[in-house]
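In: Give me a model of this one.
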Amino acid sequence: MARIPILQDPQQINTGNQTIQTPNLPAVTNASIGKAMGDVSNVIFDISEKAKRANDVTKLTEASLAMNKAQADFATWQQSPEGQNEKDWLPKWESLQNDIKSTFDKQELTPDARLQFADRFSNWATRGTINVQAGAFKQAGVRMDATGEVAKQTAIDSGDVSIYEDHVKGEVAAGFTLPEVATLKVAETKKLARQKRIADLNAQVPILTQAVNNGDKSAIEKLAKVNDELGELGGKSTEESGLY
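Out: Numbering: from 1, shown residues only. Here you go, the predicted model:
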């Protein structure tokens, strides 16, 4: 019959044939159990915090990418037929901003990350709004200038500068043109209109003169009127035109 090992010492086991030395293990106490549980809790907490930080980094990067994409999408839209009217630019930009803010306001972020997002978003949105408004102002100016050129040419061709004057007054009122610049623009247009009219009248003089020489009595009155107008405009005199 096998012999039952007899415990001789907390660190020894006697098997009957030999004595085996057991490891010297620390005594398990409530204090040691509590410390172990505390260590585990610290590890779990640390892992949880790092996971939150990793999520913060991910979401903040996603937010930055979303802002860049929105900016690119807006620029593409501006070049499309739907984005040609500068009056639509600011509402479109504000809509893109609201979409991003709404999306990331719903994301799970730490308070610190949420502040970072708010700061990034605010800076991006403010810069974008300023650029959009400046671009719209510039585009409006381009449209205004194009219309002004048409009005100017019409004034030169017709001799009626009133429409162009009203246009230039509007430029001043809208803050696009300085008053002294507007005065010069109107004066130049009036000068060009006068030169154009003088050139047109002078072109009629040889034709009417030839008609008079051919015995066309009605041409005499017409030529007289042309010369009168030329005199008022500072063009050729009666003598120069050949009417005596």
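
In: where does this structure dip in pLDDT?
Out: Along the chain, the parts satisfying pLDDT under 70 run over 1-48, 236-244.

In: what about the helices in it?
Out: Using DSSP state H, the helices assigned to the chain run over residues 30-79, 89-105, 111-158, 162-174, 179-213, 218-233, 238-241.

In: Can you tell me the closest non-neighbouring residue to residue 125?
Out: residue 97 (5.0 Å; CB to CB, 6 or more residues apart in numbering). (Each C-beta comes from the backbone N, C-alpha and C, glycine too.)

In: I'd like to know how far that neighbour sits from residue 64.
Out: According to CB to CB, to the nearest Å, residue 97 and residue 64 sit 14 Å apart.

In: Which of the two has more residues huddled nearby?
Out: Neighbour totals were compared for residue 97 and residue 64, and residue 97 leads with 18 against 14 (other CB atoms under 10 Å).

In: Find the nearest non-adjacent residue to the most centrally placed residue in the chain, please.
Out: Centroid-nearest residue in the chain: residue 132, 2.9 Å away (criterion: CA atoms, centre = their mean). Excluding the flanking residues, the one nearest residue 132 by CB to CB, 6+ apart is residue 93, at 4.7 Å.

In: The one you found contacts residue 128, doesn't it?
Out: Yes: taking CB atoms under 8 Å as the definition, residue 93 is a contact partner of residue 128 at 6.1 Å.

In: Give me the common contacts of the two.
Out: residue 74 (CB atoms under 8 Å, 6 or more residues apart in numbering).

In: quick one: contacts for the residue nearest to residue 171 when sequence neighbours are not counted?
Out: Nearest non-adjacent residue to residue 171, counting by CB to CB, 6+ apart: residue 177, 3.8 Å away. Counting by CB under 8 Å, 6+ apart, residue 177 touches 168, 171, 185.

In: quick one, phi/psi of residue 177?
Out: Dihedral pair for residue 177: phi -140, psi 140, per degrees, to the nearest 10.

In: and if you look at residue 161?
Out: phi -90, psi 0.

In: Can you give me the distance of it to residue 154?
Out: Noted for residue 161: a distance of 9 Å to residue 154, by CB to CB.

In: In terms of neighbours, single out the busier of the two.
Out: residue 161 (21 against 15).

In: what number of residues lie near the residue nearest to the more buried one when sequence neighbours are not counted?
Out: Nearest residue to residue 161, sequence neighbours excluded (CB to CB, 6+ apart): residue 155, at 4.4 Å. Using other CB under 10 Å, residue 155 has 22 neighbouring residues.

In: cool, and the one 5 residues further on?
Out: A total of 12 residues lie near residue 160 under the criterion other CB under 10 Å.

In: got a list of contacts for stretch 131-148?
Out: 74, 78, 86-87, 89-90, 93, 164, 167-168, 171, 174, 176.
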